[in-house]
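> below: sequence and its predicted model.
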Amino acid sequence: MAGPNEQVAALLQEYADLISITGGEEFKARVYERAARAVAGYPTDVSTLDQDELQQIPSVGASIAEKISEYVHTGQMPAIEQLRAQVPAGIRELIKIPTLGPKRAKVLHEQLGISSVPELAEAIDAGRLAELRGFGRRTEENLRHGIELLRAAGQRALLPVAMSLAEEVVAALSAVPGCVRCTYAGSLRRMQETIGDVDVLAAADDSAPLMDAFTRLPRVTEVISHGPTRSSVRTDAGLQVDLRVVEPAVWGAALQYFTGSKAHNIRLREIALRAGLTLSEYGLHRTDDGALVVAETEEEVYARLGLPWIPPPLREDRGEIEAALAGELPELVRWEDLRGDLHSHTDLTDGVAPLSELVAAARDRGFRYFAITDHAKDLPMQRMTDEKMLAQREQLRQLDTGRMVLLHGTELNIGPEGEVDWDEDFLAGFDLCIASVHSHFQQPREQLTRRLIRACEHPYVNVLGHPTTRQIGRRPPLDVDYDAVFEAAARTGTALEINSYPDRLDLPDEWIQRARRYGVRFAINTDAHAPTHLDYLRYGVGIARRGWLTAAEVINTWPLSRLRKFVAAKRRKAHR
DNA sequence: GCCGTTTTCGGCCCGACTGTTTTCAGTCG
């Protein structure tokens, strides 16, 4: 989803890197970094903004606004071209090596003429780093190791992998004598869609037993650092885990700090400074005499800065600070608000469990209603027929004991022209229908856009399933004008799915935030292909919260009667 | 280069760990 904002943000970040590498003003580099983050998180497409409007973006002033519009109009940013001419492209690769930053990359380039990762590896092997001041034997080893890690392509982990590792570490550390509290923080607490490393926070008066237990956990393969307040390890999952131990009295400040995001925290510290305070993991202190103001709970820290407590999924500096200051934070949807799941598969198609088992598993989770939505007949590999579908409906009615209402649905296939399976008479027999794209991903943008809009306009399509069809790390999102699709979904009364499957998480959070401005409704679904997949709902809720969704916008928080009216209204409207 | 309930100039987020070096710079989160 490299839209204009992402492209501009990447260029501004590159510019910041180049300033650092060429030894330019550090403050200038930091401004470009801040501006890059602000542009990436800005809800409006920057290519539609004029100079004045661009300057409304935080950290974007006259100079950066000018560079952005140059890029929008010419496809070039001359300032960056100039710096690129001075710095070989490979040097930017160098600073991706862990433990190697812009300062020493500059030294390597100027003194040894190294301008790529392979050249660095060669120089290390030839012992040429020894002649440099500040590069000892350990540094050499660390760089060698860093290059290996970079080559192993430290891909980010999906949520369940990181979550189970985090829960294991937290459970082990909580059992260590002297541990007062322990939890995970960082991007996992914010429910980011993928996790680069796991942050764990503990409170204890004496940190040593916790640090020792941590570095000796069975899944630890390498101890990266080991200190009294912070230690880092690499695990057999390839994921790095950082542990911070603080005194119980500063728990809240530390939790706030280690939850991030970095951009959110920087904003908070700036607010603190203006109020004559400094904020760190040890609490909020008065700048003049260093006296502690608050530290015990997150709520106190935010309150003292004049803010309500901000839920972790919002802490990305994407407007939550402004909303909090204005008293306009959304009341986010919670897992408890969901009354049921509207997307699941049995072994009639590509699920693994028979209908009765999947229904029993859903009932165990306390759902009030549950939709079975096996694939329809246009996906040949599923071998679906009218007879099989009708037989399943009959079986489903018999399993319906009333304690959890069973809905009979289907996941229709959106064909190349936007058409779906079955005629309207057959579709009228379903309680609700999802429709999704499963093939022809490479169509031109205009055609794909028309295809999704046409699906929204179909009277029997109630939910657009996994709307971008992306698979994290494997398949990019469809190239579609989603603004047009969101408008069509809102106009036609078609809900957008938030698919909770960990490698989908589709819609992604930025798109949710954007779609809700059109007045769209959403459905947080599991797309379960096995009973255990029903537990993925927590990840869908996490992404929905990151997209600023409230319960009112999510159709499967509604009572069944309202959900049925939502379906009926669209069918009626089409036949008037 | 940006920004302002102490500022239109003079600041700019904070602290831990490592490694190399005798007091600190670089990197990271």
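Received it, and whenever you're ready, just let me know what you need.

> wait, residue A:299 touches residue A:310, no?
No: the criterion here is Cβ atoms under 8 Å, and residue A:299 misses it with residue A:310 at 10.1 Å. Yep, even glycine has a C-beta here, placed from its N, CA and C like the rest.

> neighbour count winner among these two?
Of the pair residue A:299 and residue A:310, residue A:310 is the one with more neighbours under other Cβ atoms under 10 Å, namely 19 against 14.

> quick check: which ranges of chain A have low pLDDT?
Within chain A, the stretches with pLDDT under 70 are A:1-2, A:152-155, A:381-382, A:576.

> phi first, then psi, for residue A:387.
Main-chain torsions, residue A:387, degrees, to the nearest 10: phi -60, psi -40.

> do you know how far it is from residue A:426?
12 Å (Cβ to Cβ, to the nearest Å).

> for these two, indicate the residue with more neighbours.
Set side by side, residue A:387 and residue A:426 show more neighbours around residue A:426, with 16 against 8, by other Cβ under 10 Å.

> isn't the more buried one up against residue A:386?
Yes: if you go by Cβ under 8 Å, residue A:426 and residue A:386 touch, sitting 6.7 Å apart.

> overlap in contacts of these two?
Listed as contacting both residue A:426 and residue A:386 by Cβ atoms under 8 Å, 6 or more residues apart in numbering is no residue at all.

> which residue of chain A lies farthest from its centroid?
In chain A, the residue that sits farthest from the middle, by Cα atoms, centre = their mean, is residue A:131; the gap is 44.2 Å.

> residue A:498: what secondary structure?
The three-state label for residue A:498, taken from DSSP: H, G, I helix; E, B strand; the rest coil, comes out as strand.

> what residues does the stretch 201-350 of chain A have near DNA strand B?
Contacts of the stretch 201-350 of chain A with DNA strand B, taken as Cβ under 7 Å from any atom of the strand, map to A:225-231, A:240, A:242, A:262, A:265-266, A:269-270, A:273-276, A:278-282.

> hmm, 6 Å instead?
Residues of the stretch 201-350 of chain A that fall close to DNA strand B, judged by Cβ under 6 Å from any atom of the strand: A:225-230, A:266, A:269-270, A:273-274, A:276, A:278, A:280.

> for chain A, same thing?
For chain A, the residues in contact with DNA strand B (Cβ under 6 Å from any atom of the strand) are A:25, A:27-28, A:31, A:58-64, A:98-104, A:133-134, A:136-139, A:142, A:225-230, A:266, A:269-270, A:273-274, A:276, A:278, A:280.

> could you dump the residues of the stretch 201-350 of chain A next to DNA strand B to CSV with secondary structure?
Formatted as CSV, these follow (three-state DSSP):
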residue, secondary structure
A:225, strand
A:226, strand
A:227, coil
A:228, coil
A:229, coil
A:230, strand
A:266, helix
A:269, helix
A:270, helix
A:273, helix
A:274, helix
A:276, coil
A:278, strand
A:280, strand
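
> could you dump those into a markdown table with neighbour count and distance to residue A:464 added?
Converted to a markdown table, these look like this (neighbours: other Cβ atoms under 10 Å; distance: Cβ to Cβ, whole Å):
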| residue | neighbour count | distance to residue A:464 |
| --- | --- | --- |
| A:225 | 10 | 47 |
| A:226 | 14 | 50 |
| A:227 | 11 | 50 |
| A:228 | 10 | 52 |
| A:229 | 14 | 48 |
| A:230 | 15 | 45 |
| A:266 | 16 | 37 |
| A:269 | 17 | 41 |
| A:270 | 11 | 40 |
| A:273 | 12 | 45 |
| A:274 | 9 | 44 |
| A:276 | 10 | 51 |
| A:278 | 16 | 48 |
| A:280 | 15 | 45 |
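
> which one of these is nearest to residue A:314?
Nearest to residue A:314, judged by Cβ to Cβ, of these is residue A:266 at 15.5 Å.

> residues in contact with the closest one?
By Cβ under 8 Å, 6+ apart, the contact list for residue A:266 reads A:34, A:317.

> just the helices in the stretch 451-576 of chain A please.
A:482-492, A:509-515, A:537-546, A:560-574 (DSSP state H, counting those that start in this stretch).

> need the CA coordinates for the longest one. CSV is fine.
Below are the C-alpha coordinates for helix A:560-574, written out as CSV (Å, rounded to 0.1, in the frame of the first residue of the first chain):
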residue,chain,number,x,y,z
LEU,A,560,-29.4,-10.1,16.4
SER,A,561,-32.7,-8.3,15.6
ARG,A,562,-30.7,-5.2,14.5
LEU,A,563,-28.3,-7.3,12.5
ARG,A,564,-31.2,-9.0,10.7
LYS,A,565,-32.7,-5.5,10.0
PHE,A,566,-29.3,-4.5,8.5
VAL,A,567,-29.5,-7.4,6.1
ALA,A,568,-33.2,-7.0,5.3
ALA,A,569,-32.8,-3.2,4.6
LYS,A,570,-30.3,-3.8,1.9
ARG,A,571,-32.4,-6.5,0.2
ARG,A,572,-35.5,-4.3,0.4
LYS,A,573,-33.8,-1.2,-0.9
ALA,A,574,-32.6,-3.1,-4.0
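
> all good on my end, thank you.
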